[in-house]
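A.B. asks: Sequence and predicted structure below; questions after.
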Amino acid sequence: MRATITATGDASAALAWQRYADLRLWRTWSPQIQGVEAAHEHLRSGLTGMVIGPLGLRVPFEVESVDPEAMTWRWRVRLGPVRAALAHAVTSTGGDVAGPGCTTTLTIEAPAAAVLAYRPVAALALRRLVRA
């Protein structure tokens with residue numbers, strides 16, 4: 001199943017992108033993430049690691065691509081036999097990446113049960129990501 005989740009807020013696109021790009025910040029806007037373990041602190045193509053979730057749940061990931069200029073990135077995660085591909089994008093709503101207002105979009109491809117379970121959690125996280 002494929003689903004797209006979008007959130008718009010008053011944070012600048014530059015700030016929202018920084019929150020994505022710096023793995024140390026993920027736990028500040030994504031309530032389901034307790035931490036991230038990876039060799040680097042910033043998104044880069046080929047980066048692998050673990051997202052630490054509730055109750056110490058460890059979810060392996062691999063970043064497939066990152067385009068800082070376009071403010072887009074793609075990654076894959078796996079939890080047991082369930083695999084998901086996620087594509088993220090940030091765009092300015094005011095035309096200036098440093099100015100107020102942005103939209104973020106997440107497209108997820110995974111088994112239907114996983115998408116349906118993750119959708120409300122992801123929507124909450126995205127709303128927090130774009131909040132100033």
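C.D. replies: Sure, I can see it.
A.B. asks: all contacts plus neighbour counts: C-alpha atoms, from now on.
C.D. replies: Noted.
A.B. asks: Which parts of the chain are helices?
C.D. replies: 13-21, 26-29, 112-129 (DSSP state H).
A.B. asks: Let's have these in a markdown table, adding mean pLDDT, mean neighbour count and distance to residue 76.
C.D. replies: Shown next, in a markdown table, are the helices of the chain (pLDDT from 0 to 100; neighbours: other C-alpha atoms under 10 Å; distance: least, C-alpha to C-alpha, whole Å):
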| stretch | mean pLDDT | mean neighbour count | distance to residue 76 |
| --- | --- | --- | --- |
| helix 13-21 | 97 | 23 | 15 |
| helix 26-29 | 96 | 18 | 16 |
| helix 112-129 | 97 | 16 | 13 |
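A.B. asks: quick one, what contacts the closest residue to residue 129 other than its chain neighbours?
C.D. replies: Nearest residue to residue 129 in three dimensions, chain neighbours excluded: residue 29, at 5.4 Å (C-alpha to C-alpha, 6 or more residues apart in numbering). If you count contacts by C-alpha atoms under 8 Å, 6 or more residues apart in numbering, residue 29 has them with 19, 125-126, 128-129.
A.B. asks: what do you get if the cut-off is 10 Å, keeping everything else the same?
C.D. replies: 16, 19-20, 124-131 (C-alpha atoms under 10 Å, 6 or more residues apart in numbering).
A.B. asks: what does residue 34 give?
C.D. replies: Taking C-alpha under 10 Å, 6+ apart, we find residue 34 in contact with 26-28, 51-58.
A.B. asks: Repeat the analysis, applying 7 Å as the threshold.
C.D. replies: Residue 34 makes contact with 27, 52-54, according to C-alpha atoms under 7 Å, 6 or more residues apart in numbering.
A.B. asks: In strands, which of the residues you listed fall?
C.D. replies: The strands, defined by DSSP state E, take in residue 52 from the contacts of residue 34.
A.B. asks: Quick one: the contacts of residue 34 as CSV, columns for distance to residue 5 too.
C.D. replies: Listed next are the contacts of residue 34 as CSV, based on distance: C-alpha to C-alpha, whole Å:
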residue, distance to residue 5
27, 19
52, 22
53, 20
54, 22
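A.B. asks: Okay then, goodbye and thanks.
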